[in-house]
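*Asks:* give me the fold of what follows.
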Amino acid sequence: MSEIAIYTLTSPLHDEQAVAAVTQEFLDSLQIEYDFRGEDFSDFGSHTLDLIYVRTGGTEGLFLRRLPALLAQSRRPFRLLTSGKSNSLAASMEILSFLHLQGLEGEILHGSDTYIRERATILVQAEAARNRLRGQRLGIIGAPSDWLISSHVQPSLVRDRLGVELIALPIEELIAEVGDIKGMSAQNGADMIYTALKAFVWRYDLQGFTIRCFDLLSAVHNTGCLALARMNAEGIVAGCEGDVPALLSMAVAQAVAGVSGFQANPANINPDTGELLFAHCTIPLNMVERYEFDTHFESGIGVGIRGFMRPGPVTIFKLSPDLSRQFIAEGQLVRNQSKPDLCRTQQIIQLSEPRQARYFLTNPIGNHHIIIPGHWRVLLEELGIVNS
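*Replies:* Below is the predicted model of the structure:
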């Protein structure tokens, strides 16, 4: 079954044979794979993307009569496809205007073949990402770190908006699982933390987690940096410091880009040029060309990761705790650095729009932000997570 289904609305005043010929020519020009459902709307809502192809004018009443059944089958925004011929665009505009008056969402796909094809691709990718998020279980192992005073999240809101379940878990259970590792090497201790976290993931059926990792410093004299780097590379979203908004941002990044991203905080900002320095002591191992082991920066113990990511396009992303806003900025990773007075993985990023640097100084969403390889602004915005 194709990810795209095309349903049709056609006025009976038009000659079906002539309309069919125009339809075939138009759909062939789009160069997309689709299931042609015609006037059979019985499985409407079952594909990743359902397009209602308004083939002619005079179809507004036909749509209105179908609307109750369509709403019973799907509550997704209506996507109206039109070639512009036979007054189809005018009819689509009337239908879309009516939908908006009813408080319903929708849009018209109209324009060049390239525009329609690219727009359909984005819509498919966005819905697929939403589907990957729905039903996820993300653990919060220990309370958020004490310094995260602006990062409180309501689990019910996350469940309603993202379809994601947040599971609170005691860090004492994890520490007990790690056991007494005093006297072991730093590498072995980090491996024990990884093993314990992996057991948690299986035990509680988690697709990701964030951990109050600084508690590990005193309890087991080691850090979770290496464990998080490994688990993120395995597709298990793993955040640190118990930062739940960062965890949710990483889960979205994983659903969109296939990597959970680098959870880091700005260490230096140039508001004039838009150059930023981000740093943290862990990074997913599948995001770097090479990496080195060092100690955790603040404590000087355990295992920290100094990762070197390939320079190139990146996106900086962060969701607010109440999901009311998001920050998205595209740029270029200019270079990696390894100064001794910062967290071990250090990235210098040049924003595509330098003025966005002022966000960090005037209205930031916490301190941690997520660095994602590639440019993802359009798709992240299309997800429609934040309140309109």
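*Asks:* distance of the most centrally placed residue in the chain from Pro373?
*Replies:* The chain has Val252 as the residue nearest its centroid, 2.4 Å off, counting by C-alpha atoms, centre = their mean. Here Val252 is placed at a distance of 15 Å from Pro373 (C-beta to C-beta, to the nearest Å). Using the backbone N, CA and C atoms, a C-beta is placed for each residue, glycine as well.
*Asks:* coming back round to it: the residue nearest to the centre of the chain: which element?
*Replies:* For Val252, the host element (DSSP states H and E) is helix 244-257.
*Asks:* how about the CA coordinates for that helix, as CSV?
*Replies:* Provided in CSV are the C-alpha atoms of helix 244-257 (Å, rounded to 0.1, in the frame of the first residue of the first chain):
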residue,chain,number,x,y,z
VAL,A,244,12.5,16.5,30.2
PRO,A,245,12.0,19.3,27.6
ALA,A,246,15.4,18.4,26.2
LEU,A,247,14.4,14.7,26.2
LEU,A,248,11.2,15.5,24.3
SER,A,249,13.2,17.6,21.8
MET,A,250,15.5,14.7,21.3
ALA,A,251,12.6,12.3,20.8
VAL,A,252,11.2,14.6,18.1
ALA,A,253,14.7,14.9,16.5
GLN,A,254,14.9,11.1,16.4
ALA,A,255,11.4,10.8,14.8
VAL,A,256,12.3,13.4,12.2
ALA,A,257,16.0,12.9,11.4
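*Asks:* residue contacts, Glu113?
*Replies:* Residue 113: Asp, not Glu. Counting by C-beta atoms under 8 Å, 6 or more residues apart in numbering, Asp113 touches 29-31.
*Asks:* again, only using 10 Å
*Replies:* When contacts are counted by C-beta atoms under 10 Å, 6 or more residues apart in numbering, Asp113 touches 26, 28-32.
*Asks:* now the buried members of those.
*Replies:* 26, 30, 32 (16 or more other C-beta atoms under 10 Å).
*Asks:* could you grab the helix/strand/coil label for the closest residue to the first one other than its chain neighbours?
*Replies:* The spatial neighbour of Phe26 that comes closest, neighbours along the chain excluded (C-beta to C-beta, 6 or more residues apart in numbering), is Ser83 at 4.4 Å. Assigned with DSSP: H, G, I helix; E, B strand; the rest coil, Ser83 falls in the coil class.
*Asks:* gap between Ser83 and Leu67?
*Replies:* 22 Å.
*Asks:* can you check Ala246 too?
*Replies:* Counting by C-beta to C-beta, the gap from Ala246 to Leu67 is 41 Å.
*Asks:* between these two, which one's more packed in?
*Replies:* Ala246 (29 against 16; other C-beta atoms under 10 Å).
*Asks:* give me the nearest residue to that one, chain neighbours excluded.
*Replies:* Nearest to Ala246 is His368, by C-beta to C-beta, 6+ apart, at 4.3 Å.
*Asks:* ok, His152 - how many residues close by?
*Replies:* His152: 11 neighbours (other C-beta under 10 Å).
*Asks:* how about the contacts made by it?
*Replies:* 144, 244-245, 321-322.
*Asks:* how about a cut-off of 6 Å?
*Replies:* Contacts for His152 were tallied using C-beta atoms under 6 Å, 6 or more residues apart in numbering; they are Pro321.
*Asks:* tell me the domain boundaries of the chain?
*Replies:* Domains of the chain are assigned by automatic domain parsing as 4-133, 137-382.
*Asks:* in JSON lines: those domains, plus mean pLDDT.
*Replies:* Output for the domains of the chain, formatted as JSON lines (pLDDT from 0 to 100):
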{"stretch": "domain 4-133", "mean pLDDT": "94"}
{"stretch": "domain 137-382", "mean pLDDT": "92"}
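*Asks:* so of those, which one's packed in deepest?
*Replies:* domain 137-382 (a mean of 19; mean count of other C-beta atoms under 10 Å).
*Asks:* start and end of that one, how far apart?
*Replies:* 23 Å (C-alpha to C-alpha, to the nearest Å).
*Asks:* where along the chain do the helices fall?
*Replies:* 16-30, 60-73, 88-101, 113-133, 155-162, 171-178, 186-203, 215-220, 225-233, 244-257, 359-362, 377-382 (DSSP state H).
*Asks:* would JSON lines of those helices with distance to Ser352 be doable?
*Replies:* JSON lines is the format used below for the helices of the chain (distance: least, C-beta to C-beta, whole Å):
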{"stretch": "helix 16-30", "distance to Ser352": "30"}
{"stretch": "helix 60-73", "distance to Ser352": "40"}
{"stretch": "helix 88-101", "distance to Ser352": "32"}
{"stretch": "helix 113-133", "distance to Ser352": "19"}
{"stretch": "helix 155-162", "distance to Ser352": "27"}
{"stretch": "helix 171-178", "distance to Ser352": "39"}
{"stretch": "helix 186-203", "distance to Ser352": "36"}
{"stretch": "helix 215-220", "distance to Ser352": "38"}
{"stretch": "helix 225-233", "distance to Ser352": "25"}
{"stretch": "helix 244-257", "distance to Ser352": "17"}
{"stretch": "helix 359-362", "distance to Ser352": "14"}
{"stretch": "helix 377-382", "distance to Ser352": "9"}
